[in-house]
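Visitor: pasting the structure only:
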C-alpha cells in the first residue's frame, strides 16, 4: 500500500511536468494553429541554460531564474526569425519546418555544450525526504516540483481567464481575424503567446534536470506524451491539459511500476520486464484513441469552457 501511494505521487509529479510542457503547446496550437515539433527542444534548451547559469553563479535558484529569462528570450527570437514565416501555411509545412528546427537545436546544443551532457545539482536542503503520510516518506524536491507547478498553473489560469491579455488570447483563439480587425496587434500577441509557451517548456526542462540528465534530445520523448495530453484534454484548453496530464502521468507511472510484476506471472522474467513498460505505453495510446472516438474535441474542449 505504501508503495502504491509513493508511485501515485510519482505519477502526479510526472503529470506536473507534462502539464508545463502541454500548457504551452496547447496555447500555441489552439491560438496560433501551429504544430510545433520544436517545443521539446525548448525543454532541452531550458535545462542546458539552467545548468550553465547554476554552474556560473553557484546558485540553483539563480540558475533557474536566469535560465527562465534566457529561454523566454530564445522563444521570442525563434518566433520572430523562424516561426512567423510559417503562419498561414498548412500543417505539413509546420511539421517540416519545426522538425528542421528540432534538428537545428540538437546540433547547436552539441556545438555549444558538447555531446557529453550536463548535470544540475540540487541544494543540500532539497535532498531530504519529507513524511507526507504516516510511514510514507517522499523526496522533498519532488514535492517542490508538484507545488511549483500548481503555482505556475494557478498563475497561468489567472493570466488567461482574468486579465486583459488573457481576454485577447482567448479571443484570438476564437476569431483571430476579428481581433485583428479591432486594431489588436495580432503579430505581437502571437509573439507573446509563443514566448510564454517557450518559458513554460523551458521551466519544465529546468525542474526535471536534477532528477534526470541534461542531454541532447531529452525533450523528444516527453514531447510525444505532451501531444497525447493535449489531444485527450482538448486543444487550447488549459484545464484539459491539467486533467489529462495527471491521468497520463498516473497511467504511465503505475503501469511501469506494476505491470512488469503482473506480466512475470505469465511470462519469463526478462519477457515480463520488457512487456510491462510496453503495455503501459499502450494504455496511454488506447486512452487517446478512445477519446478520439467518443469525444473527438477532447475531454474539455476550449470552446465549451
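Guide: The structure has been received and is ready for your questions. Just so it is clear, the structure is predicted and the values come from calculations on it, not from any experiment. Numbering: from 1, shown residues only.

Visitor: C-terminal to the longest helix anywhere in the chain, what's the next element?
Guide: When the chain is parsed with DSSP state H, its longest helix is helix 2-32. Note on helix 2-32: by DSSP states H and E, the next helix or strand toward the C-terminus is helix 39-57.

Visitor: which strands and helices sit next to that following helix?
Guide: helix 2-32, helix 60-78, helix 91-113, helix 186-208, helix 220-233 (3 or more Cβ pairs under 8 Å, 6 or more residues apart in numbering; DSSP states H and E). For the C-beta atoms, the positions are set from N, CA and C on the backbone; glycine is no exception.

Visitor: Can you lay out the ones you listed as JSON lines showing distance to residue 262, mean pLDDT and mean neighbour count?
Guide: Output for the helices and strands packed on helix 39-57, formatted as JSON lines (distance: least, Cβ to Cβ, whole Å; pLDDT from 0 to 100; neighbours: other Cβ atoms under 10 Å):
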{"stretch": "helix 2-32", "distance to residue 262": "14", "mean pLDDT": "89", "mean neighbour count": "23"}
{"stretch": "helix 60-78", "distance to residue 262": "39", "mean pLDDT": "95", "mean neighbour count": "19"}
{"stretch": "helix 91-113", "distance to residue 262": "36", "mean pLDDT": "94", "mean neighbour count": "15"}
{"stretch": "helix 186-208", "distance to residue 262": "28", "mean pLDDT": "91", "mean neighbour count": "24"}
{"stretch": "helix 220-233", "distance to residue 262": "22", "mean pLDDT": "91", "mean neighbour count": "22"}
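
Visitor: Dump these to a markdown table, plus distance to residue 254.
Guide: Listed next are the helices and strands packed on helix 39-57 as a markdown table, based on distance: least, Cβ to Cβ, whole Å:
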| stretch | distance to residue 254 |
| --- | --- |
| helix 2-32 | 6 |
| helix 60-78 | 29 |
| helix 91-113 | 30 |
| helix 186-208 | 19 |
| helix 220-233 | 15 |
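
Visitor: Out of the ones you listed, which gets nearest to residue 277?
Guide: When those are compared by Cβ to Cβ, helix 220-233 sits nearest residue 277, at 12.2 Å.
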